[in-house]
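Undergrad: give me the fold of what follows.
(2 chains)
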Amino acid sequence: MPIWLYILVSVVKSAVILFVLLTAVAYTVWLERKVVGHMQNRWGPTRVGPFGLLQPAADGLKFLFKEDLTPPHVYKPLFLAAPLIAVIFALTSISVIPFGNTVTLYGYDIPFQITDVNTGLLLILGVTSIGVYGVALAGWSSNNKYSLLGGLRASAQMVSYEISLGLSLVGVLIMAGSFSLRTIVDAQAGHFWGFIPRWNIFHGQFIGFFCYLIAAYAETNRIPFDLPEAETELVAGYHTEYSAMKFAMFFMAEYANMITVGCLATLLFLGGWHGPLFGPWYVQALLPVFWFVAKVFVFLFIYIWVRGTLPRFRYDQLMAFGWKFLLPLSLANLIATAIAVAW
Amino acid sequence: MLSIHLILFLAFAAVALAGAINLLAQTHPINSALSLIAVMAALAGEYLLLGAEFVAAVQVIVYAGAIMVLFVFTIMLLNAGVEERTKGSRVAVIVGIPGMLLGSVLVSWVLVRHSGTESVTVGVIPGQTNGWGDPAVVGKLLFHEFLLPFEITSILILVAIMGAVVLASKPPSTAAGGPPKEVKD
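TA: Have a look, this model is predicted:
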């Protein structure tokens, strides 16, 4: 492939994936309001467009046109930088996620992925760990006790649960023998006894998936681990002082992180884009992407379901659960997997 | 001839140096901590240029992502304010700066004279084989050839953790499970 074509393909892929991701973020918010509404015997958004489908556009316009306040007592450079840090690192990690198989177009192999690096998983973990600074610095630079407490809680919680998150992934890594997300997915092809798919969740990694699920909820600050923004005690936590588009950036970062976490769960535990293939060649080329999106959707639905079901933890419960239950469990899973693979 | 490697090397080096100087120049601890994160990230870029992608990723995850978060966390928790300005120590001017210059001249002289090659080329490691910084290769090296140093390092870190726990734990009278003492501010 000549270099100019390579650059062109990369730019087009990045633009398309960014557009799809931002749209998905907007409609995850709509999905959450709708599903939680029905769970609580309400309708959710109904007014703007059919089934309230244009609600995200209306929300976006509202965020754009609201007054953008910067309170006088904040530390300005970091107050302005914090939402940018949060949203940039939340969107960056999508760049190494593969959505489907490679398609051949005009004789060139084009993978459904912006770039395939052989340390893809480590890159996502690194980018996620840098994203903590957005929340922590927002809490500190707001110069407000509620914000500060929210920022402190967020950084303590994310550092604690990052360990369980990392350890729960190592079992999968041992079985695939690679950090490359494409190799990990390819290792999950095929079936047991002809009908159970050979996904890692059915292949001895159920406990790993369980640990990953819980740690991921804590990493993305979602209910029941949303103590950094517990509105009953901290007003709105780290984004108390933020308004208009700056607040919307934290919002986007949270939902983009949810989608990234869902993509990772799909790739590592649910077999990625593998699923039944049928029909003519163009359907066969697009079906893997459909299976991938469907699995991510199921994961997001569970996220919202949990939000509609569980109350919030107390802070000491959160820390005790993370260090005394989840960490030993993921360690035990890692050791058991290592012994089973070495056998 | 400027190769893309050299341009990137100089760019990352400039970021690292600027971050390090800013770290010293800033008066507020949180700005200094953030400059240190920039230095760490720039160093990760340099590792990447050397073909050590695993070390680069670990540099970002461990140093920039975990250790520095704890630094920032501590600064936030203690609410450390702006440090006071002093005029600087005389020892630093008389001994420190000439000593630093002498040290860096010595190191670069040794590197240029005794590295076996006449000129040092950036981006190419002498005797580099394919997949030099690959995670699998690094893992094999750590767990086969350098297993003993690796385990000794881990024991060293374990001792440090236990020391920190002992220093931070409450005195035995309150930690023994009796009724909680009156909490003082």
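
Undergrad: for chain B, give me the ranges with low pLDDT.
TA: B:1-2, B:80-81, B:83, B:88, B:114-133, B:172-185 (pLDDT under 70).

Undergrad: what's around the residue of it found nearest chain A, how many residues?
TA: Using Cβ to the nearest Cβ, the single residue of chain B nearest to chain A is B:G65, 2.7 Å away. Quick note: C-beta positions are derived from backbone N, CA and C, even for glycine. When neighbours are counted by other Cβ atoms under 10 Å in any protein chain shown, B:G65 registers 26.

Undergrad: residues touching it, list them.
TA: A:L125, A:G126, A:T128, A:S129, A:I130, A:V132, A:E162 (Cβ atoms under 8 Å, 6 or more residues apart in numbering or on different chains).

Undergrad: whichever strand or helix holds the last one vs chain B: in contact?
TA: Okay, so that is A:E162. According to DSSP states H and E, A:E162 maps onto helix A:145-176. Yes - contact between helix A:145-176 and chain B, assessed by Cβ under 8 Å from any Cβ of the partner chain, occurs at A:L148, A:G151, A:L152, A:S155, A:A156, A:M158, A:V159, A:E162.

Undergrad: what does chain B put close to chain A?
TA: Contact residues, chain B versus chain A (Cβ under 8 Å from any Cβ): B:30, B:34, B:37, B:53-54, B:57-58, B:60-61, B:64-66, B:69-70, B:72-73, B:76-77, B:134-136.

Undergrad: one more pass at 6 Å, please.
TA: Within chain B, the positions near chain A by Cβ under 6 Å from any Cβ of the partner chain are B:E53, B:A57, B:V60, B:I61, B:G65, B:V69, B:V72, B:F73, B:M76, B:P135.

Undergrad: can you give me the distance of the closest residue to the fourth one other than its chain neighbours to A:N333?
TA: Computed as Cβ to Cβ, 6 or more residues apart in numbering or on different chains, the closest residue to B:I61 that is not its neighbour in sequence is A:G126, at 4.7 Å. Going from A:G126 to A:N333 by Cβ to Cβ, to the nearest Å gives 23 Å.

Undergrad: so between these two, which is more surrounded?
TA: Using other Cβ under 10 Å, the more surrounded residue of A:G126 and A:N333 is A:G126, with 25 against 22.

Undergrad: which helix or strand contains the more buried one?
TA: Applying DSSP H and E, one finds A:G126 within helix A:120-141.

Undergrad: stretch A:93-100 close to chain B?
TA: No - Stretch A:93-100 lies out of reach of chain B by Cβ under 6 Å from any Cβ, never closer than 11.3 Å.

Undergrad: now what about that stretch, what contacts it?
TA: A:21, A:112-114, A:117, A:120, A:123-124, A:127, A:181-182, A:260, A:263, A:273, A:288-289, A:292 (Cβ atoms under 6 Å, 6 or more residues apart in numbering or on different chains).

Undergrad: quick revisit: thought the residue nearest to B:I61 was touching B:Y63?
TA: No - when contacts are counted by Cβ atoms under 6 Å, A:G126 is not listed as touching B:Y63 (10.3 Å).

Undergrad: residue of the stretch 151-300 of chain A nearest chain B, please.
TA: Among the residues of the stretch 151-300 of chain A, A:S155 lies closest to chain B, at 5.0 Å counting by Cβ to the nearest Cβ.

Undergrad: please enumerate the helices of chain A.
TA: For chain A, applying DSSP state H gives helices covering A:3-39, A:55-65, A:76-92, A:120-141, A:145-176, A:181-186, A:206-219, A:231-234, A:244-268, A:281-309, A:315-320, A:327-342.

Undergrad: let's test this: mean pLDDT of the first one, rounded?
TA: It stands for helix A:3-39. Averaging pLDDT along helix A:3-39 gives 87.

Undergrad: only the buried residues of it, if you could.
TA: A:9, A:13, A:17, A:21-22, A:24-37 (16 or more other Cβ atoms under 10 Å in any protein chain shown).

Undergrad: any idea how chain B splits into domains?
TA: B:1-83, B:134-170 (automatic domain parsing).

Undergrad: just the endpoints, please. Distance across the last one?
TA: Put plainly, it is domain B:134-170. End-to-end distance for domain B:134-170, by Cα to Cα, to the nearest Å: 45 Å.

Undergrad: now it, how far from the centre of its chain.
TA: Distance of domain B:134-170 from its chain centroid, counting by Cα atoms, centre = their mean, to the nearest Å, is 17 Å.

Undergrad: check the longest one too.
TA: Between the centre of domain B:1-83 and the centre of its host chain there is 8 Å, according to Cα atoms, centre = their mean.

Undergrad: what of stretch A:19-29?
TA: How far stretch A:19-29 lies from its chain's middle: 12 Å, per Cα atoms, centre = their mean.

Undergrad: for stretch A:79-98, same thing?
TA: Relative to the centre of its chain, stretch A:79-98 is centred 11 Å away, using Cα atoms, centre = their mean.

Undergrad: check which residues of it are buried.
TA: Residues of stretch A:79-98 classed as buried: A:79, A:81-83, A:85-87, A:89-98 (neighbour count, 16+ other Cβ under 10 Å).

Undergrad: which residues does the nearest residue to A:T183 once chain neighbours are set aside contact?
TA: Nearest residue to A:T183 in three dimensions, chain neighbours excluded: A:A176, at 5.9 Å (Cβ to Cβ, 6+ apart). Each residue near A:A176 by Cβ under 6 Å, 6+ apart is listed here: A:T183, A:I184, A:A187.

Undergrad: quick one: contacts for the last one?
TA: A:A187 makes contact with A:A176 under the criterion Cβ under 6 Å, 6+ apart.
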